[in-house]
Structure formats: C-alpha cells, structure tokens
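S.K.: Here is my input, please return the structure:
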Amino acid sequence: MSTATAPARRAPEASAPLGPPRPLAGTGALLRFMLRRDRIRFFGWTLGLTMMLVYFSGVLRFVFPNPEDLQTIIGFTASPVGALLGGPGFGYDDLTLDRFLVSQYGLYLITGAGLMGILTVMRHTRREEQAGRAELLRASAVGRVAQHTAALLVAVLMSVVVAVLYGAVLTAQGTDAAGAFTFGASVGAAGIAFAGLAATTAQLTAFSRAGSGIAGTVLGLSFLVRGLGDMSSAQGGDLGWLSWLSPIGWSQQTAPYVYDRWWPLALSLAFAAVCAGIGFWLAGRRDLGSGLIAARRGSPAAAPWLASPFALAFRLQRSAIIGWTLALFASAIAYGSFSQPLVEGFVDAPPELLAIMGAEDDILSGYLGLMGLMMAFFAVIFAILSVQSLRGEELDGRGEGVLTAAVGRGTWMTSWLVVAALAVAWLQFASGVGQAIGASTSTGDWSIFWDVVLGHVAHSPAVWVVLAVAALLYGWLPRLLGVVWVLFGYAFIVGFFGPLFDLPDVALWISPFEHIGEYPGEELSGVAMLVLAGVAVVVAAIGVLGFRRRDLISD
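M.R.: Numbers count the residues shown, from 1 in each chain. Next up, the predicted model:
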C-alpha cells in the first residue's frame, strides 16, 4: 500500500520593498484634475482679464476717436502723477491710442495677472494641505513636488492664455501685431513671476491666508517701488532705477508699440524659476501640513477678553490689520515726500492734470487729495479681502465650530464686519498721518498736517459701501463674492480717469467715491458722508439677513 503525498507548495517570494515615488510622479494626473476643478475659475480669470482690456480699449476709442484728441492729455500722461498712476510712459513724443492704452492701463492688467498667479498657486498647494486633501493624495503614488509642479503649470497655462488672448484682441482691432503680442507677453510674464513667488510663500506658513498675504505684500511693494521709480524718472530725479527692482516694472519696460523689447521678460522668468526652485527645496524640508515659520502654541485657556464674537473677530484679523497699517503708513510717507518736487515742477500745470487732481489753482492740495483717494482704494482691497477671509472661515469649518456655541449667525457676521469697518477707518487715519508727515516734511509747512489726515479719513464711508456690497454678496450669493471686484475696478477708473473721459453725471454718481470730495483739494460733503454711511449699514444688514437664512457651505 502506497501513500500519495501532495507536492509541497512553494512559499511566495517576498516582493522587493517599494521605494518612494519619483518627485514628479503623478504630475500629469494632478494637472488634469486641477484643470477640471478650475474649469470655471480658469475661464473666469482669463476671460475676465481679457474683457478688462476690451473695456479699456473701447472706452478710449470712444473718448478719443481722433489721434489729435490725445494731444490734450500729454501734459497729464507725462507728469509724475501720470507716471505714478500708469507707468514710465514710452513714446509720449508721438502719443497714439495704443501707446496710451498700454502705458496708462497696462499697470492694472499686469497687477491683475500677478494676483491671478498668486491665488491660483496658493489654492492648489497650501489650501489643499490646510484642508487635509493633500495628505490623501500623498498617500498614493504621488511625488513630493508633483502637486506644486502641477499648480505652477496651471498658473503658467492661465498666464499664457491671457498673453495670447491679449495679442489676438489687440491685433484684431487693427494694431501692430508686434506691439500687441509684446504687451500680452508682458502681462503673462507677470502672472508667471508672481506664481513662482507664491510657490515659495506657500512653504512659509501653515495657513493659505498668511501665505497669500505675504505674496500680496510683495505685489503691493512692487507697485509702490515701481511708482516711486517712475515718478522720479518723470521729474528727472535719480531714483529711476527703483523701477528695475519690481517685477511689475520689468513688464512695463518692454515698451509695447515703441521698442517692443522682450528681454526684460527674461528677468520675470528668471525670478519665477528661482522662486519656484526655492519653493521646491523648502517643500522637501518640512513636514506635510506645517510651515517653515512655526505656528505659536496657543494658550490652553482663552484670555478673558476673547469671550465675545467681536473680540474673536478682532483676534483673527489682527495680523492683517497690523500688516496693512505698516504698509500703508510707509507708502504714504514715500508718496508724501514727493510733494515739494511736484509743486516746483508744475508751476504751470496743464488743465487736464488739474482736472485729475480736482484743484484748479493749488497743485499741492490737489495732489494730497488725490493721494487720499488712492489710499482709500488700498483700504477697499483690505475690506474685500476681509470678507473673503470670513468666507474662508466658513469653508474651512471653523465658522461652524463658533456657531455651535451660544453665538448667533447674525452676531458672528456682524462682529466681523464691524471690526473690518473700524479697521478701514484706522487704515485711512494711519495712511493720512504718513502722508501728512511726508508732505509736511517735504514742503516745510506743518499747517497742512491735519487737513491731510482729515482728507484721508473722510473717504471711509465710501469704502464702507464697498465692504457692505461684499457682505451682501457673501450673505446671499457667496459663490459670486468675487463680483465685488468689478465695483472696485469701476470706481477706480472713474475716480482717476473720469475727468479725462468727460463721463456723464450718472456714470460718476454710481461710484461711492465721487460724492465726498478729495479734501484738501476739494470741499468735503458731510451730507454725502452720512448718506454713504447709512447706505453701508442698510446694505450690510441685508447681507447679514441673507447669511442667517442660507445653509453653511463646507469646502
């Protein structure tokens, strides 16, 4: 009798341990995912910036139908104020509509592209880490820098699309193709440069709002440094080199329709490459979800003064208020220091320049009033970002945690808006003091100090109206909150270029900044200030009502 034995099974061979994925593994898949996620936002940014170009071009062609009409504004465009509001202004000895378009309005399109690059990169990097989704992606076969690379590629693609659209639109209007695509490339290069910057600032802190704030501060400083350099060049000063320290200035130095030089854009691309490289290097030397600037440990018990929604709203906005205060104060001092050279250089100022400043016989008062208006628009940016931060609290789930306590929805939102409104008035006061110090020191006349401060603070009710409109959109239609930037852009164009275009009264009336007066260049209207403050309260209250009625939104 034989016994059959089954053959012994071979033990499965141990598979070789898998190593970490390649640094760029999964970049293509992430890029496709980001593009699909941003399919509406992508076209919103690119087409929005393009429509701004179409609007500016259309308005200029309507206001100045003949080339001879442009000769009436050369005095303004070639002035230090024109350089501050527009740029270096190449080709003004033979001014054409195309040159005026890119020199006076290109600055804002370039700045808008820079903001697009910052927000796009931050949205797909730090924001994903903060929400916890990046950790899930990294658990799969995704390289360490794949997400950052894909985010940069999205921002680069958006910038390239904007550049091509700009060139195509201007060429279709019959302009020189070389100048059209040079201008488009200058705008796109700014978007790429600041996208690279955001790749670095995203590594510094654990919060997307702080990272965006740091990058936004650099964008603001670029605007300021460029303005100081261009003003100095227009006055024949020695500080024109400052414009070459700004990524915005690099784009403007391409001089579309005049020199059509592309080599300054190499500085923008090199800046983007260096910043992106630093960002990748930093990303490999920190833990996921953390920042290189370590967050301070919170106290195990809340301070007694934090026992109210108002105090919490102030605590959450405190860093932004401090940063904006320092930035506006320093900027105002710098702009105020140009007061005396401006007066000396424009004893016989052209009428169009006086019209822009709102002063018929006092160039100094007109300039100081105009600077008060400019600082008010900076305060508007703070106000809109404040409401967007409130939405961020809701999207990230922190607002829900507050509302589970004995805090009503209306109280939570109202507290936030009150802090933002008070901060606006404070920012106007701080910038007014800075402007007054700079102007008084420059002119040697300290009697104008409090007039300058009053001229700045007086714009607060107009800023509150924009804050209230943002609150209205957030309360009822939070996904359309970005539409408030249209009001900001419209008010800015009307405020600074309305007198040049001889706009109808109804077009001026829409802007809340056209009712108060640019003191000390113009008389103040106390009635307008009260009415605007009342309108802001009513509109904000309607927004709070909408927030109380709708569902909370989680990201």
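S.K.: right, and Asp176 touches Arg99 too?
M.R.: No. If you go by CB atoms under 8 Å, Asp176 and Arg99 don't touch, sitting 10.5 Å apart. In this view, the C-beta of every residue, glycine as well, is placed from N, C-alpha and C.
S.K.: Which one's more surrounded, those two?
M.R.: Arg99 (21 against 15; other CB atoms under 10 Å).
S.K.: Got the confidence number for the more buried one?
M.R.: What the model reports for Arg99 is a pLDDT of 89.
S.K.: Can you report phi and psi for the residue lying closest to it once chain neighbours are set aside?
M.R.: Once flanking residues are discounted, Arg99 sits nearest to Gly91: 4.5 Å by CB to CB, 6 or more residues apart in numbering. Note on Gly91: backbone dihedrals following degrees, to the nearest 10 are phi 80, psi 20.
S.K.: Is it correct that Gly91 is in contact with Pro256?
M.R.: No. Distance between Gly91 and Pro256: 9.3 Å, which falls outside the contact criterion (CB under 8 Å).
S.K.: where does the stretch 51-200 of the chain dip in pLDDT?
M.R.: 72, 75-76, 139 (pLDDT under 70).
S.K.: How about the stretch 401-550 of the chain?
M.R.: The model of the stretch 401-550 of the chain has pLDDT under 70 over residues 499-502.
S.K.: returning to what we had before: need the overlap of contacts for Gly91 and Pro256.
M.R.: Shared contacts of Gly91 and Pro256 (CB atoms under 8 Å, 6 or more residues apart in numbering): Arg99.
S.K.: what kind of secondary structure is the residue nearest the centre of the chain in?
M.R.: For the chain, the residue nearest the mean C-alpha position is Leu115 (5.2 Å; CA atoms, centre = their mean). Under DSSP: H, G, I helix; E, B strand; the rest coil, the three-state class of Leu115 is helix.
S.K.: Apart from its chain neighbours, what residue comes closest to it?
M.R.: Of all residues not flanking Leu115 in the chain, Leu219 sits nearest, at 6.7 Å (CB to CB, 6+ apart).
S.K.: and the residue nearest to the centre of the chain, what is it in contact with?
M.R.: If you count contacts by CB under 8 Å, 6+ apart, Leu115 has them with Phe194, Gly216, Leu219.
S.K.: how much space between it and Gly48?
M.R.: 11 Å (CB to CB, to the nearest Å).
S.K.: now Ser243
M.R.: For Ser243 relative to Gly48 (CB to CB), the value is 27 Å.
S.K.: neighbour-wise, which of the two wins?
M.R.: Each of Ser243 and Gly48 has its neighbours counted (other CB under 10 Å); Ser243 has more, 24 against 16.
S.K.: tell me which residues of the host helix or strand of Gly191 are tucked away?
M.R.: In the assignment (DSSP states H and E), Gly191 maps to helix 177-201. The neighbour-count check on helix 177-201 (16 or more other CB atoms under 10 Å) flags 179-201 as buried.
S.K.: sorry, back to before: find residues that contact each of Asp176 and Arg99.
M.R.: Shared contacts of Asp176 and Arg99 (CB under 8 Å, 6+ apart): Tyr257.
S.K.: hang on, the earlier thing: give me the phi and psi for the residue nearest to Leu115.
M.R.: According to degrees, to the nearest 10, Leu219 has phi -60, psi -40.
S.K.: For burial, what's the neighbour tally of it?
M.R.: 23.
S.K.: contacting residues around Ala330?
M.R.: Going by CB under 8 Å, 6+ apart, Ala330 touches Gly434.
S.K.: separation between the residue nearest to Arg99 and Ala330?
M.R.: Gly91 is 32 Å from Ala330, by CB to CB.
S.K.: quick one, the host helix or strand of Val54 and helix 177-201 angle?
M.R.: Using DSSP H and E, Val54 sits within helix 39-63. Helix 39-63 and helix 177-201 meet at an angle of 140 degrees, taking axes from the mean of the first three to the mean of the last three CA atoms, to 10 degrees as the criterion.
S.K.: What degree of burial does Asp94 show, as a neighbour count?
M.R.: A count of nearby residues for Asp94, using other CB under 10 Å, gives 9.
S.K.: and this protein, what are its domains?
M.R.: Domain ranges of the chain: 22-294, 309-555, per automatic domain parsing.
S.K.: longest helix anywhere in this structure?
M.R.: In terms of residue count, the longest helix belonging to the chain (DSSP state H) is helix 409-443.
S.K.: elements contacting the helix or strand following that helix?
M.R.: Downstream of helix 409-443, the next assigned helix or strand under DSSP H and E is helix 449-457. Here helix 449-457 touches helix 363-395, helix 409-443, going by 3 or more CB pairs under 8 Å, 6 or more residues apart in numbering; DSSP states H and E.
S.K.: And the contacts of helix 449-457?
M.R.: The contact list for helix 449-457 (CB under 8 Å, 6+ apart) reads 336, 368-369, 372, 375-376, 425, 428-429, 431-433, 435-437, 439-440, 518-521, 524.
S.K.: From the residues you listed, list just the buried residues.
M.R.: Using 16+ other CB under 10 Å, the buried ones in those are 336, 368-369, 372, 375-376, 425, 428-429, 431-433, 435-437, 439-440, 518-521.
S.K.: More neighbours: Gly91 and Pro256, which one.
M.R.: Pro256 (32 against 18).
S.K.: Please name the residues that touch the closest residue to the more buried one other than its chain neighbours.
M.R.: Using CB to CB, 6+ apart and skipping the chain neighbours, the partner closest in space to Pro256 is Phe183 (3.8 Å). Residues in contact with Phe183 (CB under 8 Å, 6+ apart) are Val102, Gly106, Tyr166, Gly167, Leu170, Thr254, Pro256, Tyr257.
S.K.: host element of the fifth one?
M.R.: The one in question is Leu170. Assigned by DSSP H and E, Leu170 belongs to helix 146-172.
S.K.: measure the closest residue to His456 other than its chain neighbours to Gly521 for me?
M.R.: Nearest residue to His456 in three dimensions, chain neighbours excluded: Gly432, at 3.1 Å (CB to CB, 6+ apart). In this view, Gly432 and Gly521 are 14 Å apart by CB to CB.
S.K.: What of Ala195?
M.R.: In terms of CB to CB, Ala195 sits 39 Å off from Gly521.
S.K.: Equivalent analysis for Gly26, please.
M.R.: From Gly26 over to Gly521 (counting by CB to CB), the distance is 58 Å.
S.K.: Ok, Ile214 next?
M.R.: Noted for Ile214: a distance of 35 Å to Gly521, by CB to CB.
S.K.: and what of Arg318?
M.R.: With CB to CB as the criterion, Arg318 and Gly521 are 34 Å apart.
S.K.: One more: Leu417?
M.R.: In terms of CB to CB, Leu417 sits 31 Å off from Gly521.
S.K.: now do Gly112
M.R.: From Gly112 to Gly521 the distance is 28 Å (CB to CB).
S.K.: now Thr217
M.R.: Using CB to CB, one gets 30 Å for the distance from Thr217 to Gly521.
S.K.: burial count for Thr77?
M.R.: Neighbours around Thr77, by other CB under 10 Å: 24.
S.K.: er, Gln340 actually
M.R.: Residues lying near Gln340 (other CB under 10 Å) number 16.
S.K.: so what's the nearest residue to it once chain neighbours are set aside up against?
M.R.: Of all residues not flanking Gln340 in the chain, Ser442 sits nearest, at 4.2 Å (CB to CB, 6+ apart). If a contact means CB under 8 Å, 6+ apart, then Ser442 has Gly336, Ser337, Phe338, Ser339, Gln340, Pro341 as its contacts.
S.K.: ok, 7 Å please
M.R.: Ser442 makes contacts with Gly336, Ser337, Ser339, Gln340, as judged by CB atoms under 7 Å, 6 or more residues apart in numbering.
S.K.: Also Val535?
M.R.: Val465.
S.K.: Which helix or which strand is home to it?
M.R.: Using DSSP H and E, the element containing Val535 is helix 526-549.
S.K.: Just want the angle from that helix to helix 409-443.
M.R.: Going by the same axes, to 10 degrees, helix 526-549 makes 150 degrees with helix 409-443.
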